[in-house]
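Participant: Provide a 3D model corresponding to the input given below.
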Amino acid sequence: MSVFHQAALNLPVRSLTGRGDFFTAPANAAAVALIDAFPNGFSGAVIYGEKGCGKTHLAHLFCETVGKKTGRTPVIRPFERMAETLDAAGADQFYAVLENVRNPIDEPALFHLLNTAKGTGGFVLMTSDRPPAGWGLSLPDLITRLKALPCVEISPPDEMLMQAVLVKQFSDRQLKVAPEVIAYLLKNMERSFATLSAVVQRADELSLERKNAVTVPLIKQVLAETGGNDG
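Facilitator: All right, here's what the predicted structure looks like:
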(Lines give C-alpha, C1' and ligand atoms only; values in the text may rest on other atoms or scores of the structure.)
Protein backbone atom coordinates (compact mmCIF):
# COMPACT_ATOMS: atom_id res chain seq x y z
CA MET A 1 0.00 0.00 0.00
CA SER A 2 1.53 3.30 -1.06
CA VAL A 3 1.49 6.30 1.25
CA PHE A 4 0.91 9.71 -0.28
CA HIS A 5 2.97 12.51 1.26
CA GLN A 6 1.73 15.97 0.35
CA ALA A 7 5.04 17.44 1.51
CA ALA A 8 6.67 15.91 -1.55
CA LEU A 9 4.74 18.39 -3.69
CA ASN A 10 6.85 21.22 -2.25
CA LEU A 11 3.93 23.65 -2.45
CA PRO A 12 4.90 27.31 -2.87
CA VAL A 13 4.72 29.65 0.11
CA ARG A 14 2.56 32.71 -0.49
CA SER A 15 4.58 35.49 1.12
CA LEU A 16 2.65 38.56 2.26
CA THR A 17 4.85 41.60 1.66
CA GLY A 18 2.56 44.62 1.93
CA ARG A 19 2.77 47.37 4.54
CA GLY A 20 -0.30 46.06 6.31
CA ASP A 21 1.36 42.65 6.74
CA PHE A 22 4.47 44.04 8.43
CA PHE A 23 4.62 44.40 12.21
CA THR A 24 6.83 47.22 13.49
CA ALA A 25 8.49 46.54 16.84
CA PRO A 26 11.52 47.91 18.71
CA ALA A 27 13.72 45.24 17.04
CA ASN A 28 13.04 46.53 13.52
CA ALA A 29 11.86 50.11 14.12
CA ALA A 30 15.15 51.68 12.97
CA ALA A 31 15.03 49.76 9.68
CA VAL A 32 11.44 50.80 9.07
CA ALA A 33 12.32 54.42 9.85
CA LEU A 34 15.20 54.26 7.36
CA ILE A 35 12.81 53.22 4.59
CA ASP A 36 10.12 55.71 5.57
CA ALA A 37 12.70 58.53 5.47
CA PHE A 38 13.51 57.90 1.79
CA PRO A 39 14.89 59.96 0.09
CA ASN A 40 17.27 60.71 2.94
CA GLY A 41 20.20 62.35 1.15
CA PHE A 42 22.17 59.09 0.82
CA SER A 43 22.76 56.94 -2.24
CA GLY A 44 22.42 53.65 -0.40
CA ALA A 45 21.95 51.82 2.89
CA VAL A 46 22.46 48.42 4.51
CA ILE A 47 19.88 46.54 6.59
CA TYR A 48 21.21 43.44 8.31
CA GLY A 49 19.96 40.78 10.69
CA GLU A 50 19.63 37.03 11.02
CA LYS A 51 17.72 34.88 8.54
CA GLY A 52 13.96 35.21 8.84
CA CYS A 53 13.97 38.63 10.49
CA GLY A 54 11.99 40.31 7.70
CA LYS A 55 14.70 41.77 5.45
CA THR A 56 12.97 40.63 2.26
CA HIS A 57 9.67 42.08 3.44
CA LEU A 58 11.42 45.39 4.13
CA ALA A 59 13.04 45.26 0.69
CA HIS A 60 9.59 45.06 -0.87
CA LEU A 61 8.38 47.93 1.33
CA PHE A 62 11.37 49.93 0.10
CA CYS A 63 10.35 49.25 -3.51
CA GLU A 64 6.80 50.30 -2.68
CA THR A 65 8.05 53.50 -1.05
CA VAL A 66 10.34 54.36 -3.97
CA GLY A 67 7.50 53.73 -6.40
CA LYS A 68 5.15 56.05 -4.57
CA LYS A 69 7.71 58.83 -4.17
CA THR A 70 9.48 58.66 -7.55
CA GLY A 71 7.22 56.73 -9.90
CA ARG A 72 10.07 54.28 -10.58
CA THR A 73 10.26 50.58 -9.78
CA PRO A 74 13.56 49.47 -8.20
CA VAL A 75 15.41 46.44 -9.50
CA ILE A 76 15.35 43.76 -6.79
CA ARG A 77 17.70 40.80 -7.17
CA PRO A 78 19.95 38.46 -5.16
CA PHE A 79 23.43 39.97 -4.92
CA GLU A 80 24.83 37.08 -7.00
CA ARG A 81 23.01 38.64 -9.99
CA MET A 82 24.83 41.95 -9.63
CA ALA A 83 25.91 41.90 -13.28
CA GLU A 84 22.26 41.90 -14.35
CA THR A 85 21.57 44.71 -11.92
CA LEU A 86 24.37 46.74 -13.47
CA ASP A 87 22.99 46.05 -16.94
CA ALA A 88 19.68 47.56 -15.83
CA ALA A 89 21.37 50.84 -14.88
CA GLY A 90 20.92 53.74 -17.25
CA ALA A 91 21.43 57.47 -17.28
CA ASP A 92 18.28 58.11 -15.24
CA GLN A 93 17.94 57.76 -11.48
CA PHE A 94 18.84 54.18 -10.64
CA TYR A 95 17.19 52.34 -7.75
CA ALA A 96 18.06 48.76 -6.79
CA VAL A 97 17.90 46.21 -4.00
CA LEU A 98 20.69 43.66 -3.51
CA GLU A 99 19.50 40.86 -1.23
CA ASN A 100 21.62 38.64 1.02
CA VAL A 101 25.02 40.21 0.34
CA ARG A 102 27.77 37.89 1.58
CA ASN A 103 31.18 36.49 0.68
CA PRO A 104 32.50 36.15 -1.94
CA ILE A 105 31.69 39.60 -3.36
CA ASP A 106 32.64 41.09 -6.71
CA GLU A 107 33.97 44.25 -5.07
CA PRO A 108 34.66 46.31 -8.22
CA ALA A 109 31.13 45.54 -9.47
CA LEU A 110 29.54 46.56 -6.17
CA PHE A 111 31.61 49.76 -6.10
CA HIS A 112 30.52 50.52 -9.68
CA LEU A 113 26.89 49.89 -8.76
CA LEU A 114 27.06 52.27 -5.79
CA ASN A 115 28.78 54.88 -7.96
CA THR A 116 26.04 54.53 -10.56
CA ALA A 117 23.36 55.11 -7.96
CA LYS A 118 25.20 58.13 -6.56
CA GLY A 119 25.90 59.57 -10.01
CA THR A 120 22.25 59.32 -11.09
CA GLY A 121 20.78 60.50 -7.79
CA GLY A 122 19.47 56.99 -7.13
CA PHE A 123 19.74 54.54 -4.26
CA VAL A 124 20.91 50.95 -3.59
CA LEU A 125 19.45 49.09 -0.61
CA MET A 126 21.55 46.12 0.50
CA THR A 127 20.41 43.39 2.87
CA SER A 128 22.66 40.92 4.64
CA ASP A 129 22.96 38.73 7.72
CA ARG A 130 25.90 40.86 8.91
CA PRO A 131 27.21 44.43 8.63
CA PRO A 132 29.68 45.38 5.88
CA ALA A 133 32.57 45.05 8.35
CA GLY A 134 31.88 41.30 8.26
CA TRP A 135 31.83 40.98 4.46
CA GLY A 136 35.59 40.41 4.17
CA LEU A 137 36.13 43.37 1.86
CA SER A 138 39.57 44.52 0.69
CA LEU A 139 38.88 47.28 -1.85
CA PRO A 140 39.61 50.53 0.03
CA ASP A 141 37.28 52.73 -2.05
CA LEU A 142 34.39 50.33 -1.54
CA ILE A 143 35.02 50.11 2.20
CA THR A 144 35.07 53.91 2.43
CA ARG A 145 31.88 54.22 0.39
CA LEU A 146 30.02 51.72 2.56
CA LYS A 147 31.18 53.38 5.79
CA ALA A 148 29.50 56.58 4.59
CA LEU A 149 26.11 54.87 4.21
CA PRO A 150 23.50 54.20 6.92
CA CYS A 151 23.78 50.69 8.34
CA VAL A 152 20.86 49.44 10.46
CA GLU A 153 20.51 46.20 12.39
CA ILE A 154 17.30 44.25 12.93
CA SER A 155 17.83 43.06 16.50
CA PRO A 156 16.78 39.69 17.99
CA PRO A 157 13.00 39.67 18.45
CA ASP A 158 11.07 40.47 21.58
CA GLU A 159 7.93 38.47 22.42
CA MET A 160 5.57 40.82 20.56
CA LEU A 161 7.59 40.56 17.36
CA MET A 162 7.96 36.78 17.73
CA GLN A 163 4.20 36.47 17.98
CA ALA A 164 3.60 38.68 14.93
CA VAL A 165 6.19 36.83 12.81
CA LEU A 166 4.83 33.44 13.86
CA VAL A 167 1.31 34.43 12.82
CA LYS A 168 2.59 35.84 9.52
CA GLN A 169 4.71 32.83 8.62
CA PHE A 170 1.89 30.41 9.35
CA SER A 171 -0.43 32.64 7.27
CA ASP A 172 2.11 32.68 4.42
CA ARG A 173 1.77 28.90 4.37
CA GLN A 174 -2.02 29.17 4.57
CA LEU A 175 -2.11 27.43 7.96
CA LYS A 176 -4.72 28.34 10.55
CA VAL A 177 -3.14 27.96 13.97
CA ALA A 178 -5.02 28.22 17.26
CA PRO A 179 -3.94 30.85 19.83
CA GLU A 180 -2.85 28.13 22.27
CA VAL A 181 -0.30 26.87 19.73
CA ILE A 182 1.20 30.35 19.38
CA ALA A 183 1.23 30.74 23.17
CA TYR A 184 3.00 27.38 23.58
CA LEU A 185 5.64 28.33 21.03
CA LEU A 186 6.27 31.71 22.66
CA LYS A 187 6.76 29.99 26.01
CA ASN A 188 8.93 27.10 24.82
CA MET A 189 10.74 28.11 21.64
CA GLU A 190 14.20 29.63 21.42
CA ARG A 191 13.78 33.32 20.66
CA SER A 192 15.44 33.66 17.27
CA PHE A 193 14.18 34.25 13.74
CA ALA A 194 16.15 31.28 12.39
CA THR A 195 14.56 28.88 14.88
CA LEU A 196 11.13 30.35 14.22
CA SER A 197 11.44 29.79 10.46
CA ALA A 198 12.68 26.23 10.92
CA VAL A 199 9.85 25.39 13.32
CA VAL A 200 7.14 26.81 11.03
CA GLN A 201 8.53 24.97 8.00
CA ARG A 202 8.70 21.63 9.82
CA ALA A 203 5.22 22.12 11.31
CA ASP A 204 3.89 22.74 7.81
CA GLU A 205 5.58 19.57 6.52
CA LEU A 206 4.24 17.36 9.33
CA SER A 207 0.77 18.85 9.02
CA LEU A 208 0.70 18.04 5.30
CA GLU A 209 2.10 14.54 5.76
CA ARG A 210 -0.44 13.65 8.44
CA LYS A 211 -3.29 15.73 6.99
CA ASN A 212 -3.79 17.16 10.49
CA ALA A 213 -3.97 20.65 11.89
CA VAL A 214 -0.98 22.23 13.61
CA THR A 215 -1.63 21.37 17.26
CA VAL A 216 0.36 21.61 20.48
CA PRO A 217 1.32 17.88 20.37
CA LEU A 218 2.57 18.31 16.79
CA ILE A 219 4.54 21.41 17.83
CA LYS A 220 6.12 19.47 20.70
CA GLN A 221 7.43 16.95 18.18
CA VAL A 222 8.66 19.75 15.91
CA LEU A 223 10.59 21.39 18.75
CA ALA A 224 12.15 18.05 19.65
CA GLU A 225 13.18 17.44 16.04
CA THR A 226 14.52 20.92 15.32
CA GLY A 227 16.19 21.49 18.66
CA GLY A 228 14.25 24.72 18.93
CA ASN A 229 13.16 24.18 22.52
CA ASP A 230 14.61 26.52 25.15
CA GLY A 231 14.54 23.69 27.67
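
Participant: only C-alpha atoms for contact and neighbour calcs from this point on.
Facilitator: Fine.

Participant: how many neighbours does I76 have?
Facilitator: By other CA atoms under 10 Å, 20 other residues sit near I76.

Participant: for it, which non-adjacent residue is closest in space?
Facilitator: With sequence-adjacent residues excluded and distances taken as CA to CA, 6 or more residues apart in numbering, I76 is closest to V97, at 4.5 Å.

Participant: tell me, how many residues neighbour the one you found?
Facilitator: The local packing count at V97 equals 26, with neighbours defined by other CA under 10 Å.

Participant: hang on, it is in a strand, isn't it?
Facilitator: Yes - when classified by DSSP: H, G, I helix; E, B strand; the rest coil, V97 is found to be part of a strand.

Participant: pull up the gap between F94 and I219, please.
Facilitator: Relative to I219, F94 is positioned 46 Å away (criterion: CA to CA, to the nearest Å).

Participant: more neighbours: the two, which one.
Facilitator: In terms of neighbours (other CA under 10 Å), F94 is the more surrounded of F94 and I219; the figures are 26 against 22.

Participant: distance of the nearest residue to that one once chain neighbours are set aside from I154?
Facilitator: If the residues on either side of it in the chain are set aside, F94 comes closest to G122, at 4.5 Å by CA to CA, 6+ apart. Using CA to CA, one obtains 24 Å as the distance from G122 to I154.

Participant: over to D106?
Facilitator: For D106, the distance to I154 under the criterion CA to CA works out to 25 Å.

Participant: show me which of these two is the more surrounded one.
Facilitator: I154 (21 against 13).

Participant: mind giving me the domain split of this structure?
Facilitator: With automatic domain parsing as the criterion, the domains of the chain are listed as 28-153, 157-226.

Participant: where is the longest helix in this structure?
Facilitator: Using DSSP state H to assign secondary structure, the helix with the most residues in the chain is helix 193-210.
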